[in-house]
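Engineer: Sequence first, predicted model second:
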Amino acid sequence: MTAAHRIMDLLFGRWRSQILYAGAELGVFDHLDAGRPTGAPAVAAQIGADPAQLYRLMRALGSLDLLAEDDSRGFRLTEAGALLREDHPHSLRAMVLLEAGPQHYAIWKHLVPILREGGEDGCEREFGARIFEYLGRDPDYAAVFNRAMTSYSSIQTEWAVAALADEDFSALASLCDIAGGFGHLACRLAAAYPHLAVTGLDLPEVVGDAERLLAPRLGLSDRVRYIGGDMFRRAPPADAYTLKNTLHDWTDEECVRILRNLRRAATGPGRLYVIEHVVPGPEEPHFAKLFDIHMMCATGGRERTAGEYAELLAASGWRYEATRQAAGALQSVVVAGAG
Ligand SMILES: C[S@@+](CC[C@H](N)C(=O)[O-])C[C@H]1O[C@@H](n2cnc3c(N)ncnc32)[C@H](O)[C@@H]1O
């Protein structure tokens, strides 16, 4: 690829994500299958769209290898397109609706002013509140947000479990996943370590969404308990805590408040596992360095290097031990003990 092609490829990436978003939002993928070709008019009738315009969208989705078009304008789902169906066990549809949807689109438009001025993040500039307060005010956005977190988790949890393969959990009796959403990680850890009593703490409105909680759906209700609460006020006692995609939402000072609460509440051996996109050195291009800019726009938080996590841990009474990463994973687990 020439340098000019490289710029063009980057520049028109937004078109690709918006085409992807339109397909996911309209539910195009839910009305197609991999075996039998379906035309745009049949899909348009199902989802309530203009057939001629929808054909153009589906052709573009074909050009992105999300659909396969035949010579008679019939479309089949590709393997990647199938991941955008709502009913796929590892569906990424909610992630697309969140990250390429109208709220995040609007938040990102503040990037240049944030860079010039510092101060308020894009969510505050756009919606007048930080993200978790705004989520409380906009139930539709909250529904998309929380489902997207579960969607991300289906990949990230496997990376975390693989990174922790050599960790000895035998001395632990209980584990709490802090800010654990609907409980994807909590359920996965409960399944992997049957001796652990597992809890998932999140805001009352999140764990109160009974239909979406994963433990009952996975038959793990007796193993995973949900607690509604505020991690800035109090953490439930546990021998170990996990925090996934959570510290990156907050400033250093806010992270220290959360981590100190966990340190105070920790029982027994007191272990902590922080799962994040850890920023590597300058020699390595990495998704964490891009996600960091999203955090700048969306939450006022940041992605951090292992050294920066070690400093936060030391400031909150934890002792940094190691950063573990499974092969091919984009996230790492920062491991700490009670200091
Ligand atoms: C980026 S999401 C990550 C969710 C989950 N850990 C995951 O990796 O999918 C951050 C989570 O923090 C929760 N949260 C925000 N403020 C909180 C607070 N004060 N106490 C507890 N949870 C909170 C949100 O409801 C949300 O579920």
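Structural biologist: Cool, got the structure. Residues are numbered from 1 along each chain as shown.
Engineer: Report the separation between the residue nearest to residue 22 when sequence neighbours are not counted and residue 50.
Structural biologist: Excluding its sequence neighbours, the residue lying closest to residue 22 (C-beta to C-beta, 6 or more residues apart in numbering) is residue 57, at 5.8 Å. C-beta here means a position set from N, CA and C on the backbone, and glycine is covered the same way. Distance from residue 57 to residue 50, counting by C-beta to C-beta, to the nearest Å: 10 Å.
Engineer: re earlier: helix or strand for the residue nearest to residue 22, just tell me which one.
Structural biologist: helix 51-63 (DSSP states H and E).
Engineer: quick one: contacts of that helix?
Structural biologist: Contacts to helix 51-63, defined as C-beta atoms under 8 Å, 6 or more residues apart in numbering, come from residues 19-20, 22-23, 26, 28, 39-41, 43-45, 47, 67-69, 73, 75, 81.
Engineer: which secondary structure elements does the very next helix or strand once past that helix contact?
Structural biologist: Using DSSP H and E, the next helix or strand after helix 51-63 towards the C-terminus is strand 67-69. Strand 67-69 is packed against helix 51-63, strand 74-77, with contacts defined by 3 or more C-beta pairs under 8 Å, 6 or more residues apart in numbering; DSSP states H and E.
Engineer: So for residue 57 and residue 50, which sits in the more crowded spot?
Structural biologist: residue 57 (20 against 11; other C-beta atoms under 10 Å).
Engineer: so residue 180 touches residue 202, yeah?
Structural biologist: Yes - judged on C-beta atoms under 8 Å, residue 180 makes contact with residue 202 at a distance of 5.7 Å.
Engineer: What is the least confident helix or strand in this protein?
Structural biologist: Least confident helix or strand, the chain: helix 139-163 with a mean of 93, by mean pLDDT, DSSP states H and E.
Engineer: ok, is it in contact with the ligand or not?
Structural biologist: Yes - using C-beta under 6 Å from any ligand atom, helix 139-163 reaches the ligand at 149, 152, 153.
Engineer: unless I'm mixing things up, the last one is touching residue 177, no?
Structural biologist: It stands for residue 153. No - here residue 153 lies out of contact with residue 177, judged by C-beta under 8 Å, at a distance of 10.3 Å.
Engineer: anything in contact with each of the two?
Structural biologist: Jointly contacting residue 153 and residue 177 under the rule C-beta under 8 Å, 6+ apart are 185, 244.
Engineer: Neighbour count for the two, which is higher?
Structural biologist: More neighbours surround residue 177 than the other of residue 153 and residue 177, with 29 against 23 (other C-beta under 10 Å).
Engineer: which SS class is that one?
Structural biologist: strand (DSSP: H, G, I helix; E, B strand; the rest coil).
Engineer: Surely it touches residue 185?
Structural biologist: Yes - under the criterion of C-beta under 8 Å, residue 177 makes contact with residue 185 at 5.1 Å.
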